[in-house]
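S.K.: Give me the fold of what follows.
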Amino acid sequence: MSVEKNMLTYHKTTEKEKCFITEWKYPGEYAVYNSVPYEEQKKRGFGFANPANHFYSFYDETKLVGFINLYEEKTEIFFGIGVNPDCCSEGYGQQMTKTACEISKELFGTKPLYLEVRTWNKRAVSCYQKAGFVIKGEPIRQTTSAGQGFGIFHYAAYKMKVNKRGVSIMNEREKIIRLWFDMWLYQKDMGIDDIFAEDVLYTESWCPQYSNRKTVKHWFQEWNTRGKVVVWEIKQFLHKEKQTIVEWYFKNGMNNGDIEEFDGISLIEWTEDNKIKSLKEFGCNRNTYNPYQESDTPQFRNQKANWF
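M.R.: This is a model prediction of the structure:
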């Protein structure tokens with residue numbers, strides 16, 4: 001039975017993490033992936049010490065499970081990845097690879113992504129293919145930049161999923177979400193029928209739920225007679241198969257003078273024809289505080305818990 005992995009978190013790799021990662025030791029034939037110590041890399045100016053590389057560390061809760069690297073070349077983006085030897089064959093590589101493709105799109109736009117993988121490393125080849133990479137041409141023989149001897153490598157290019165019009169599915173989904181937010185900002189239905197499935201289930205962060213497109217349209221039209229969305233700012237998108245998560249900041253003003261603002265996320269599920277099938281909103285109060293700031297005993301505010 002397969003176990004669903006947690007959604008990994010990531011950030012730019014720190015100096016401390018670079019030292020830790022270069023101490024990883026792989027067994028058997030995988031020892032070829034053992035790294036040169038970070039201090040040596042700094043002396044020679046390559047790898048983690050090359051400022052042109054974009055390294056990101058990935059965590060499953062508190063465990064560092066791996067890292068990725070993106071390096072911009074003239075016409076392509078080189079992609080590299082390393083998985084903690086204690087975490088190999090646990091599905092992390094595929095998650096990290098898919099996220100790397102999203103990060104690359106944010107950093108470098110539509111520049112194509114490629115990688116090189118040793119032909120004998122069937123485990124890695126399978127991981128990359130599942131994430132959307134396709135092997136191109138004949139294997140190539142070359143020496144690694146780390147000076148760890150030559151190897152025979154596959155060249156693999158990332159094949160971005162596209163719809164029938166040749167548009168990236170991720171790009172189209174982001175465009176749909178932006179359109180939905182713009183409808184609220186401009187108080188105008190600019191295509192609710194086009195972006196929601198007829199049987200969509202829409203859940204607001206404070207409990208109201210609308211069980212079909214007709215009700216969503218009525219809610220949109222009625223709500224906009226009572227107030228106006230002032231800001232609905234998108235911070236980031238996360239995509240996984242038929243789901244998208246969008247993080248945002250929201251602020252509205254009601255006709256009675258009330259103002260509401262909070263951070264939030266929307267969890268969106270898509271139909272096969274790229275319409276919104278389900279949308280759940282989650283809110284987070286921006287007025288944060290540390291209840292342990294004054295003592296080891298928590299000092300909570302004497303107020304009703306809410307998110308705006």
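
S.K.: going forward, measure contacts between C-alpha atoms and count neighbours the same way
M.R.: Will do.

S.K.: For burial, what's the neighbour tally of Asn84?
M.R.: Neighbourhood size, Asn84 [other Cα atoms under 10 Å]: 18.

S.K.: my guess is it meets Leu64, correct?
M.R.: Yes - counting by Cα atoms under 8 Å, Asn84 does reach Leu64; the two are 7.3 Å apart.

S.K.: Quick check: phi and psi at Gly66.
M.R.: phi 170, psi -170 (degrees, to the nearest 10).

S.K.: For Gln243, see how far away it is.
M.R.: From Gly66 across to Gln243, the span is 24 Å (Cα to Cα, to the nearest Å).

S.K.: of these two, who's got more company?
M.R.: For Gly66 versus Gln243, neighbours defined as other Cα under 10 Å are more numerous around Gly66 (23 against 17).

S.K.: Can you give me the pLDDT of the closest residue to the more buried one other than its chain neighbours?
M.R.: Leaving aside its sequence neighbours, Gly66 sits nearest to Val83 (Cα to Cα, 6 or more residues apart in numbering; 4.1 Å). Val83 is assigned 96 on the pLDDT scale.

S.K.: wait, Val83 sits on Tyr92?
M.R.: Yes - between Val83 and Tyr92 there is a contact under Cα under 8 Å: 7.5 Å.

S.K.: which residues do the two both contact?
M.R.: Shared contacts of Val83 and Tyr92 (Cα atoms under 8 Å, 6 or more residues apart in numbering): Val65, Gly66.

S.K.: so what's the backbone phi/psi at the spatially most central residue of the chain?
M.R.: Against the mean C-alpha coordinate of the chain, by Cα atoms, centre = their mean, the closest residue is Leu238 at 3.8 Å. Dihedral pair for Leu238: phi -130, psi 130, per degrees, to the nearest 10.

S.K.: and the nearest residue to Lys42 once chain neighbours are set aside, how many neighbours?
M.R.: Once flanking residues are discounted, Lys42 sits nearest to Ala49: 5.0 Å by Cα to Cα, 6+ apart. When neighbours are counted by other Cα under 10 Å, Ala49 registers 17.

S.K.: Leu64 too?
M.R.: Leu64 sits with 20 neighbouring residues when counted by other Cα under 10 Å.

S.K.: Name whatever forms a beta bridge with it.
M.R.: Counting by DSSP bridges, Leu64 forms beta bridges with Tyr59.

S.K.: if I look at the residue of the chain most remote from its centre, how far off is Gly264?
M.R.: In the chain, Asn256 marks the outermost C-alpha relative to the chain mean, sitting 38.7 Å out by Cα atoms, centre = their mean. Distance from Asn256 to Gly264, counting by Cα to Cα: 24 Å.

S.K.: Could I get the contacting residues of Asp199?
M.R.: Ser211, Asn212, Arg213, Lys277.

S.K.: the strands in this protein, which residues?
M.R.: For the chain, applying DSSP state E gives strands covering 9-12, 53-60, 63-72, 77-83, 113-118, 133-143, 150-158, 196-203, 209-210, 227-240, 243-254, 259-270, 276-284.

S.K.: can I get these in a markdown table with distance to Lys25?
M.R.: What follows is the strands of the chain, written out as a markdown table (distance: least, Cα to Cα, whole Å):
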| stretch | distance to Lys25 |
| --- | --- |
| strand 9-12 | 22 |
| strand 53-60 | 17 |
| strand 63-72 | 13 |
| strand 77-83 | 11 |
| strand 113-118 | 18 |
| strand 133-143 | 20 |
| strand 150-158 | 19 |
| strand 196-203 | 47 |
| strand 209-210 | 52 |
| strand 227-240 | 31 |
| strand 243-254 | 35 |
| strand 259-270 | 38 |
| strand 276-284 | 41 |
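
S.K.: Averaging pLDDT over each of those, report the lowest-scoring one.
M.R.: Mean pLDDT per stretch puts strand 150-158 lowest among the strands of the chain, at a mean of 72.

S.K.: Other residues contacting it?
M.R.: Outside strand 150-158, the residues that touch it by Cα under 8 Å, 6+ apart are 112-119, 132-144.

S.K.: Quick check on the residues you listed: which are buried?
M.R.: Pro112, Leu113, Tyr114, Leu115, Glu116, Val117, Arg118, Gly132, Phe133, Val134, Ile135, Pro139 (16 or more other Cα atoms under 10 Å).

S.K.: and the spatially closest residue to Glu17 that is not a sequence neighbour, how many neighbours?
M.R.: Ranked by Cα to Cα, 6+ apart and with sequence neighbours excluded, the top spatial neighbour of Glu17 is Ser57, at 7.8 Å. Neighbours of Ser57 under the rule other Cα under 10 Å: 24.
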